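J.: here are the coordinates; sequence isn't available:
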């Protein structure tokens, strides 16, 4: 489930950073055929991979088969992300969807369709891996249950995301502007995300347990034992439900929900049928341990931490690109679009951030939270031997080795060994609880430092260097006579730093002299040039102001501005004299009824 979460976070990053190009490289028919071709290649590859694994079952060991099955599943999941990236960044599928009005009004619908496409790729993998899974792990799970259970693990990611951005789309469609203006500010975005995160953490379990097709556990001795244990520990809940994941054949349980009114305790059929009552009690005690140690609440802290870390990563990666002109020069030398290079670099940095943060930071905490929940049984029972025997049964029934590594759990062997260590000395429990507490304090301290660093980075250095980057990019594009792209670069620079006279001047010149009617904008050119001259009275800025006045029909003022430039004795004086002659000639023609010369 946690691996699913990482894959979907990466898929969302790939989606969120996409920008449609001005011209698409393929028409719709070509893009559709390429899309079908890519899907067929992916399906063929996954089929071959798992087919070869089935053929090796006759001579490979169980441990080797288990290792390869996990490795191939990971490889095909990563390849599904690559396929999604190709569909978005190469075939530009979102651009075709945006042509439909409903998708332009609700961009979340377009993104949701593409996420469902990612699920389709994963489903292809699960379809072709089913036979291998059933043979390797000797399970009688049905094909439908296997596919549905894997897809169902996507629900805890998809539902909150769809609601978060769906509501955001609705707010932007409101007839009044105040909510939109608030959401457009960094504080507004952060507040909206945090409020929604808390609300989702409270109410999402209701939807999730329904999508998982959970149903209430009937009255009887087994339910009564769970209820007595919850009453003993003071843990309240909405319901105790059967969890039919993978046909209910996994020995597992779970708990979800921050508040008691929307908290569910989940158990599988296999848990109840294969474990003794004492073993069931200790598995439930483990889940109660998560509630008592407030692990579910702490998960919100880690998601907030992830949001802050990504904020820093975006700022740092932008700073790396924006503050180094040699990098921009190298990009230009190999004829790549600097903005595209920046986007790709940012995507790579964010993907690394996701993997490293969840694999190592979040993984460290959830491993230790699981151990802390294991140790909670010692507070309720004199021994943890029933929990140890449960782990032995899980190993025997799963077909997986006890020492199989797991990034979000300690291996079963490690968990058993630590429980035996605590059986001999309860001091290990205190040491572990202290270790977890100190780790949380250190994490919060790091978040505070990152928060301060992020604020200062965005308020000073980053904004300055972003503006410089776009200004330099615009200059280089002007040299190559790519005026439309240069104008966009200058517009980006002004959106960050609106009082830069160099940027104002260059954009004004483009708008005043462009031969392209779509780009030619005399009124805006004059507005920008007038603002630039108030900030810097260099000769070339007077010249731009003169040209802007001229194309707006204010010829006498243009002549005066050009004379002001010449009074400053510029180095390339001849250019200014040619401009002045042009203006004076146009004024004479106007006076004698001729057509003005532009």
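T.: Everything's here; your move. Fair warning: this is a prediction, and the values are worked out from it, not measured in the lab.

J.: only C-alpha atoms for contact and neighbour calcs from this point on.
T.: Fine.

J.: Now residue 306. Nearest residue, chain neighbours left out?
T.: Nearest non-adjacent residue to residue 306, counting by C-alpha to C-alpha, 6 or more residues apart in numbering: residue 357, 7.2 Å away.

J.: what's around that neighbour, how many residues?
T.: Neighbour count of residue 357, defined by other C-alpha atoms under 10 Å: 19.

J.: Quick check: it is in a helix.
T.: Yes. Assessed with DSSP: H, G, I helix; E, B strand; the rest coil, residue 357 lies in a helix.

J.: State the distance from it to residue 309.
T.: 8 Å (C-alpha to C-alpha, to the nearest Å).

J.: for residue 152, same thing?
T.: Residue 152 is 28 Å from residue 309, by C-alpha to C-alpha.

J.: now swap in residue 174 and tell me
T.: 32 Å.

J.: neighbour-wise, which of those two wins?
T.: Between residue 174 and residue 309, counted using other C-alpha under 10 Å, residue 309 has the larger neighbour count: 20 against 11.

J.: For residue 255, pull up the helix or strand it's in.
T.: strand 253-256 (DSSP states H and E).

J.: Could you do residue 396 as well?
T.: Residue 396 belongs to helix 385-398, assigned by DSSP H and E.

J.: what packs against the helix or strand just after that helix?
T.: Counting by DSSP H and E, the next helix or strand C-terminal to helix 385-398 is helix 412-424. Packing contacts for helix 412-424, counted by 3 or more C-alpha pairs under 8 Å, 6 or more residues apart in numbering; DSSP states H and E, involve helix 363-375, helix 385-398, helix 427-456.

J.: Helices of the stretch 101-250 of the chain, start to end?
T.: Taking DSSP state H, counting those that start in this stretch as the criterion, the stretch 101-250 of the chain contains helices spanning 101-105, 107-136, 143-152, 155-172, 178-183, 186-211, 221-233.

J.: With residue 520 as the reference, name the closest of those helices.
T.: Nearest to residue 520 among the helices of the stretch 101-250 of the chain is helix 101-105 (27.8 Å), distances taken as C-alpha to C-alpha.

J.: List the buried residues in the closest one.
T.: By neighbour count with 16 or more other C-alpha atoms under 10 Å, helix 101-105 contains the buried residues residue 103.

J.: for stretch 74-87, same thing?
T.: Within stretch 74-87, the residues that qualify as buried are 76-77, 79-81, 83-87, counting by 16+ other C-alpha under 10 Å.

J.: cool, and stretch 311-318?
T.: Buried residues in stretch 311-318 (16+ other C-alpha under 10 Å): 311-318.

J.: repeat for stretch 91-101
T.: 91-98.

J.: Count the neighbours of the residue nearest to residue 236 when sequence neighbours are not counted for me.
T.: Once flanking residues are discounted, residue 236 sits nearest to residue 260: 5.2 Å by C-alpha to C-alpha, 6+ apart. Using other C-alpha under 10 Å, residue 260 has 15 neighbouring residues.

J.: Residue 260 is in contact with residue 238, isn't it?
T.: Yes. Assessed by C-alpha atoms under 8 Å, residue 260 is found in contact with residue 238 at 6.2 Å.

J.: Where in the chain is the helix or strand with the lowest mean pLDDT?
T.: For the chain, counting by mean pLDDT, DSSP states H and E, helix 325-333 ranks last in confidence among helices and strands (a mean of 60).

J.: coming back round to it: can you give me the pLDDT of the residue nearest to residue 236?
T.: For residue 260, the pLDDT comes out at 91.

J.: hmm, who's touching stretch 431-441?
T.: 365, 368-369, 372 (C-alpha atoms under 8 Å, 6 or more residues apart in numbering).

J.: should've said stretch 509-525
T.: 483-484, 487, 507-508, 526, 544, 547-548, 551-552.

J.: one more time with 6 Å
T.: Stretch 509-525 has contacts (C-alpha atoms under 6 Å, 6 or more residues apart in numbering) with 508, 544, 548, 552.

J.: what about the last one, distance to residue 521?
T.: What that stands for is residue 552. 10 Å.

J.: got it, and residue 530?
T.: From residue 530 to residue 521 the distance is 14 Å (C-alpha to C-alpha).

J.: Of these two, give the one with the bigger neighbour count.
T.: residue 530 (22 against 19).

J.: Leaving out the residues flanking it, which one is nearest to that one?
T.: residue 545 (6.5 Å).

J.: just checking, that neighbour touches residue 527?
T.: No. Taking contacts as C-alpha atoms under 6 Å, residue 545 lies outside contact range of residue 527: 9.2 Å.

J.: Looking at those two, which is more packed in?
T.: residue 545 (29 against 15).

J.: Which element, helix or strand, includes the more buried one?
T.: Remark: residue 545 resides in helix 539-551, with elements defined by DSSP H and E.

J.: Rounded mean pLDDT for that helix, please.
T.: Mean predicted confidence for helix 539-551 is 91.

J.: again, but for stretch 149-159
T.: The average pLDDT within stretch 149-159 is 81.

J.: I'd like the distance from it to the chain centre, please.
T.: With C-alpha atoms, centre = their mean, to the nearest Å as the basis, stretch 149-159 stands 17 Å off its chain's centre.

J.: Of all the residues in that stretch, which ones are buried?
T.: 149-158.

J.: got it, and stretch 11-30?
T.: Those would be 11-15, 18, for stretch 11-30 by 16+ other C-alpha under 10 Å.

J.: Ok, stretch 523-538 next?
T.: Buried, per 16+ other C-alpha under 10 Å, within stretch 523-538: 523, 525-526, 528-533.

J.: distance of residue 345 from residue 218?
T.: Taken as C-alpha to C-alpha, the span from residue 345 to residue 218 is 54 Å.

J.: Kindly report the same for residue 262.
T.: 19 Å.

J.: Who has more neighbours out of these two?
T.: Between residue 262 and residue 218, counted using other C-alpha under 10 Å, residue 262 has the larger neighbour count: 18 against 12.

J.: got the contact list for that one?
T.: residue 238.

J.: 7 Å - rerun?
T.: 202-203, 205-206, 237-238 (C-alpha atoms under 7 Å, 6 or more residues apart in numbering).

J.: and the gap between the residue lying closest to residue 205 once chain neighbours are set aside and residue 296?
T.: Closest residue in space to residue 205, ignoring its immediate chain neighbours: residue 257 at 5.8 Å, by C-alpha to C-alpha, 6+ apart. As judged by C-alpha to C-alpha, residue 257 and residue 296 stand 7 Å apart.

J.: Next one: residue 516, what pLDDT does it get?
T.: pLDDT, residue 516: 82.

J.: So what does it look like in phi/psi?
T.: phi -80, psi 120 (degrees, to the nearest 10).

J.: number of nearby residues for it?
T.: For residue 516, using other C-alpha under 10 Å, the count is 11.

J.: can you check residue 403 too?
T.: Count around residue 403 with other C-alpha under 10 Å applied: 13.

J.: low pLDDT regions in the stretch 201-350 of the chain?
T.: 318-342 (pLDDT under 70).

J.: where along it do the strands fall?
T.: Along the stretch 201-350 of the chain, counting by DSSP state E, counting those that start in this stretch, strands occupy 215-216, 239-242, 253-256, 264-267.
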